[in-house]
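**Q** Return a 3D structure for these sequence lines:
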Amino acid sequence: MHRRLAPLIAAVFLFAAAPASAAQQLLTIETPSEHVAGGETLKANVLLPDGYEDGDTEYPVLYLLHGAGEGHASWALPAKGDILQTAKGLDAIVVMPDGGRDGFYTNWWNGGLRGDPGWERYHLDELIPLIEERFRVRDGRRWHAIAGFSMGGFGTAFYATQRPGYFGAAVPMSALVSIRRPQILLALEPIAGAPYEQVWGPITGAYAEGHDPVALVENLRHTRLYVATGTGIPRPGVPATPTALASGVVELELFLQSLEFALRARHAGAGVTFDAHLGVHDWPYWREDLRKAFRWGLFRDVAADPASWTYETVAQSGEMWGLGFEFSAAPGAVARFARAGDRLSGSGSGTVTVDGGSGCSFTAALPFERPCSG
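**A** Model (predicted):
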């Protein structure tokens, strides 16, 4: 009898002695920037998945952006994003950075200075490399996603257009994705506190066009999109905040923008899932939309390095599908690049340096067409 029980007893003790897999961890890190000046250090909350500390596994990453009037902590607050519950079981690193209460994920036009603050340069050129250096992020655009609501929905769609070679999936929720509508010019400062022309310049200008997600949808041809929005009508049974009724008007406008964005992106060739539902501009719906996006699949297969693409930008420097670019002077009009196999063309004006390794590094005046094997 004792000999038969011995293996069972030994197994029980071995199980009890084995270390439990580490649970999710929520960290707050400092994320210094040369592009965003301010009175306090920028921070980001980082949610690490179960078991992160147990080994050397690399993980997918989700950049999760906040809306106007919020901050890096908003997604973690139980009364708001409740990320520990919302993302429970998500086997990925979730990065929730500061975006300014009214930063709008943009290098502010600022009378042509294109900065001060320079939010897009901070997030794309400083934050992402910092996260990849500090945490074990899996390589490949399939494993990189971005999501956000309202102002953060704008940042989600805009950053996805500017880094299509990095982000394979984007989830704009209740998103400001059509910034050149006249009502946005009138409403941005009263609602979000940001003066339109200081952020994006004249509404008819190239800088506004070069930041308008609906104008840049061709950049997203190889990106998976989950576009979620309420209709402006609250759903019965969903707890409402004191501002829920007023936020119905805001959500209705963003529903119309989201519909336009989804239709244009689909026409451009992007894979689009459009989820319109009863709901207003409020946290319960964004938590729900994010969970639905998890089920949709943030990290499903996408083209890793497509042979043909188009890329439009008004940025002076950046990266398009692994090719770095820098204009000798800030472009005064939206520049367009296109690749077809081993040929790269550029249209617009100005002189640009492209850095893609030995097979595709050159300086040329736009327009141009030349071989590019990098």
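
**Q** gap between the residue nearest to residue 270 when sequence neighbours are not counted and residue 125?
**A** Nearest residue to residue 270, sequence neighbours excluded (C-beta to C-beta, 6 or more residues apart in numbering): residue 220, at 4.5 Å. For the C-beta atoms, the positions are set from N, CA and C on the backbone; glycine is no exception. Distance check for residue 220 against residue 125: by C-beta to C-beta, to the nearest Å, it reads 21 Å.

**Q** Of the two, give the one with the bigger neighbour count.
**A** Higher neighbour count among residue 220 and residue 125: residue 220, with 25 against 17, using other C-beta atoms under 10 Å.

**Q** thinking again about what came up before, isn't the residue nearest to residue 270 up against residue 268?
**A** Yes: assessed by C-beta atoms under 8 Å, residue 220 is found in contact with residue 268 at 6.5 Å.

**Q** would you list every one of the helices in the stretch 51-200 of the chain?
**A** For the stretch 51-200 of the chain, the helices defined by DSSP state H, counting those that start in this stretch occupy 83-86, 119-121, 128-134, 151-162, 182-192, 196-200.

**Q** average pLDDT for the fifth one?
**A** The reference is to helix 182-192. Mean pLDDT, computed over helix 182-192, is 92.

**Q** same check, this time on stretch 77-96
**A** Here the average pLDDT along stretch 77-96 is 97.

**Q** ok, back up a step: now do the contacts for the residue nearest to residue 270.
**A** Residue 220 makes contact with 160, 161, 164, 170, 265, 268, 270, according to C-beta atoms under 8 Å, 6 or more residues apart in numbering.

**Q** and those, which of them are in strands?
**A** Residues of the contacts of residue 220 located in strands (DSSP state E): residue 170.

**Q** Where does residue 225 fall, secondary structure wise?
**A** For residue 225, the host element (DSSP states H and E) is strand 224-230.

**Q** Tell me which other helices or strands that strand touches.
**A** In terms of contacts (3 or more C-beta pairs under 8 Å, 6 or more residues apart in numbering; DSSP states H and E), strand 224-230 is packed against strand 169-175, helix 244-268, strand 271-277, helix 283-296.

**Q** Please state the offset of the first one from the chain centre?
**A** Think strand 169-175. For strand 169-175, the separation from the chain centroid amounts to 8 Å (computed by C-alpha atoms, centre = their mean, to the nearest Å).

**Q** Pull the CA coordinates from it and hand them back as PDB.
**A** The C-alpha trace of strand 169-175 is given here as PDB (Å, rounded to 0.1, in the frame of the first residue of the first chain):
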ATOM      1  CA  ALA A 169      -3.100  46.200 -36.800                       C
ATOM      2  CA  ALA A 170      -4.900  49.300 -35.700                       C
ATOM      3  CA  VAL A 171      -8.000  49.800 -33.600                       C
ATOM      4  CA  PRO A 172      -9.400  53.300 -33.700                       C
ATOM      5  CA  MET A 173     -12.400  53.600 -31.300                       C
ATOM      6  CA  SER A 174     -14.800  56.500 -31.300                       C
ATOM      7  CA  ALA A 175     -12.000  58.200 -33.300                       C
END
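
**Q** That one pairs with which strands?
**A** strand 144-150 (parallel), strand 224-230 (parallel) (DSSP bridges).

**Q** what's the angle between that strand and helix 151-162?
**A** If you take axes from the mean of the first three to the mean of the last three C-alpha atoms, to 10 degrees, strand 169-175 sits at 150 degrees to helix 151-162.

**Q** go on, the third one?
**A** Using the same axes, to 10 degrees, one finds that strand 271-277 and helix 151-162 are set 170 degrees apart in direction.

**Q** Format the contacts of residue 220 as TSV; extra columns: neighbour count and pLDDT.
**A** Formatted as TSV, the contacts of residue 220 follow (neighbours: other C-beta atoms under 10 Å; pLDDT from 0 to 100):
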residue	neighbour count	pLDDT
160	28	98
161	24	98
164	27	98
170	30	98
265	29	98
268	16	97
270	22	97
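
**Q** which of the contacts of residue 220 lies closest to residue 349?
**A** Set against residue 349, the nearest of the contacts of residue 220 by C-beta to C-beta is residue 161 (20.5 Å).

**Q** roughly how far apart are residue 298 and residue 33?
**A** In terms of C-beta to C-beta, residue 298 sits 26 Å off from residue 33.

**Q** Tell me which of the two has more neighbours.
**A** Taking other C-beta under 10 Å, residue 298 and residue 33 do not tie; residue 298 has more neighbours (25 against 20).

**Q** Buried residues of stretch 123-135, list them for me.
**A** Of all the residues in stretch 123-135, those buried under the rule 16 or more other C-beta atoms under 10 Å are 123, 124, 125, 126, 127, 128, 130, 131, 135.
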